[in-house]
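Asker: coords below, sequence missing:
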């Protein structure tokens with residue numbers, strides 16, 4: 001009796017759901033990371049990831065006062081928001097080192113945190129880039 005109850009609760013026991021697959025798992029799109037990147041896309045992705053990692057290390061090493069000083073020097077202290085700083089930094093790195101769409105599919109969400117006039121000053125690792 002217990003076996004019947006347990007088997008009736010498993011997805012494989014339901015009609016139309018062979019091998020434990022459910023309608024939900026069958027409807028999922030292909031995983032983006034399984035798609036092949038071209039050598040150029042792979043190089044762009046590596047540049048983006050390395051720059052993002054370096055920017056994250058730099059930001060983690062800074063105190064809150066140092067971050068505020070960086071914004072003050074740039075004349076944008078009023079724009080400093082500690083809650084969104086990681087998102088802004090991610091968007092700045094992506095702006096400097098554009099990744100392939102497969103690597104950063106939700107980049108547009110973070111780009112909205114950057115202000116339109118942010119090109120007038122540079123923060124983080126972007127301040128070391130040559131134009």
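Answerer: Arrived safely, thanks for sending. Predicted model only: the values in this text are computed from it and were never measured. Numbering: from 1, shown residues only.
Asker: right, and residue 90 touches residue 52 too?
Answerer: Yes. Between residue 90 and residue 52 a contact is recorded at 6.7 Å, counting by C-beta atoms under 8 Å. Any C-beta I mention is one placed from the backbone N, CA and C, and that applies to glycine too.
Asker: what residue ranges in this protein score low on pLDDT?
Answerer: 1-34, 115-131 (pLDDT under 70).
Asker: Show me the longest helix that occurs in it.
Answerer: helix 39-61 (DSSP state H).
Asker: buried sites along it?
Answerer: 41, 44, 45, 48, 51, 52, 55, 56, 59 (16 or more other C-beta atoms under 10 Å).
Asker: Go ahead and confirm the second one touches residue 99.
Answerer: Yes. Using C-beta under 8 Å, residue 44 is in contact with residue 99, at 6.0 Å.
Asker: following the longest helix of the chain, which helix or strand shows up next?
Answerer: helix 64-73 (DSSP states H and E).
Asker: buried stuff in that next one?
Answerer: For helix 64-73, using 16+ other C-beta under 10 Å, the buried residues are 67, 70, 71.
Asker: I'd like those as JSON lines, with distance to residue 108 appended.
Answerer: Formatted as JSON lines, the buried residues of helix 64-73 follow (distance: C-beta to C-beta, whole Å):
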{"residue": "67", "distance to residue 108": "25"}
{"residue": "70", "distance to residue 108": "25"}
{"residue": "71", "distance to residue 108": "24"}
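Asker: Nearest to residue 79, out of the residues you listed: which one, please.
Answerer: residue 71 (6.8 Å; C-beta to C-beta).
Asker: Okay, the closest one and residue 49: tell me how far apart.
Answerer: 25 Å (C-beta to C-beta, to the nearest Å).
Asker: and if you look at residue 67?
Answerer: In terms of C-beta to C-beta, residue 67 sits 23 Å off from residue 49.
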